[in-house]
Every structure is written in structure tokens, then in C-alpha cells.
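A.B. asks: Have a look; sequence and predicted model below, questions after that.
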Amino acid sequence: MKFKNQSQMFQWIWEDRLHFSEISGSPLLPKGHFKWHFQFLHILPKGTFPKYKLNPENIMLGLPEEHEKQETYPIFIEKKEKLRRQYYKEFYGKEFD
């Protein structure tokens, strides 16, 4: 699926996934909450990996306070490594260590 912007992708993810943190399992804030968009965690940074900015596989759902320290959670680190390898294989035709 192609998205025009992050808002469109976030809406699609919200409709597609359960509304629980993928880190802690806690319920997420409801849509309309002023911190709602902080619950979409880019696994690979948008600036470093721009081709994955609008890739839903590059998004984990988590609470805003988890977003602030996402790099400390083992599940996040595991997904980041997997996606990093996928990205380099997809766009450069080989894996990097």
C-alpha cells in the first residue's frame, strides 16, 4: 500500500492493528488525544532511512513514554536489526553487518 503522508499511514495502521503497545501490552491512548501520533514509533529513523518513512512495517505501536526511550527495549532493538538488514538487501542488493 502506498501512502501520501504519515497521517494517512498512521490512520491505516490504527484501523489495521490492535490498540495496544507492542512493547508493554498496555492500552494505547484513544484517537483524538493530543499525544495520539506519538504512539507510532519509527523503528528505522526517517532521516537515515527515508525510503522506509511511509512503510508500515517500520512502525511499532507504543505509548508516548515508550516512544521517548524506544531504543532501550529488546523487542524494538530486534525489530530494528531485522528491518535494517531487509532495507539494505532491498535497496543495495546485499546485507551489511
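C.D. replies: Arrived safely, thanks for sending. Residues are numbered from 1 along each chain as shown.

A.B. asks: How about the contacts made by residue 58?
C.D. replies: Contacts for residue 58 were tallied using CB atoms under 8 Å, 6 or more residues apart in numbering; they are 42, 43, 44, 49, 52, 83. Just so you know, the C-beta spots here come from the backbone N, C-alpha and C atoms, and that holds for glycine as well.

A.B. asks: switch to 10 Å and redo it
C.D. replies: By CB atoms under 10 Å, 6 or more residues apart in numbering, the contact list for residue 58 reads 9, 40-46, 49, 51-52, 79-80, 83, 86-87.

A.B. asks: Could you measure from the nearest residue to residue 36 once chain neighbours are set aside over to residue 67?
C.D. replies: Spatially, and ignoring its direct neighbours in sequence, residue 36 is nearest to residue 29 (5.7 Å; CB to CB, 6 or more residues apart in numbering). According to CB to CB, to the nearest Å, residue 29 and residue 67 sit 11 Å apart.

A.B. asks: which of these two has more neighbours?
C.D. replies: Between residue 29 and residue 67, counted using other CB atoms under 10 Å, residue 67 has the larger neighbour count: 19 against 16.

A.B. asks: So for that one, what's the pLDDT?
C.D. replies: On pLDDT, residue 67 comes in at 94.

A.B. asks: Likewise for residue 93?
C.D. replies: Turning to residue 93, the model gives it a pLDDT of 81.

A.B. asks: how deep is the nearest residue to residue 30 once chain neighbours are set aside tucked in, by neighbour count?
C.D. replies: Nearest-residue entry for residue 30: residue 36, 7.3 Å, with adjacent residues in sequence omitted and distances by CB to CB, 6+ apart. Other residues near residue 36 come to 15 when the count uses other CB under 10 Å.

A.B. asks: now residue 38
C.D. replies: By other CB under 10 Å, the residues close to residue 38 number 16.

A.B. asks: Who are the contact partners of the spatially closest residue to it that is not a sequence neighbour?
C.D. replies: Once flanking residues are discounted, residue 38 sits nearest to residue 64: 4.0 Å by CB to CB, 6+ apart. With contacts defined as CB under 10 Å, 6+ apart, residue 64 is in contact with 28, 29, 33, 34, 35, 36, 37, 38, 39, 41.
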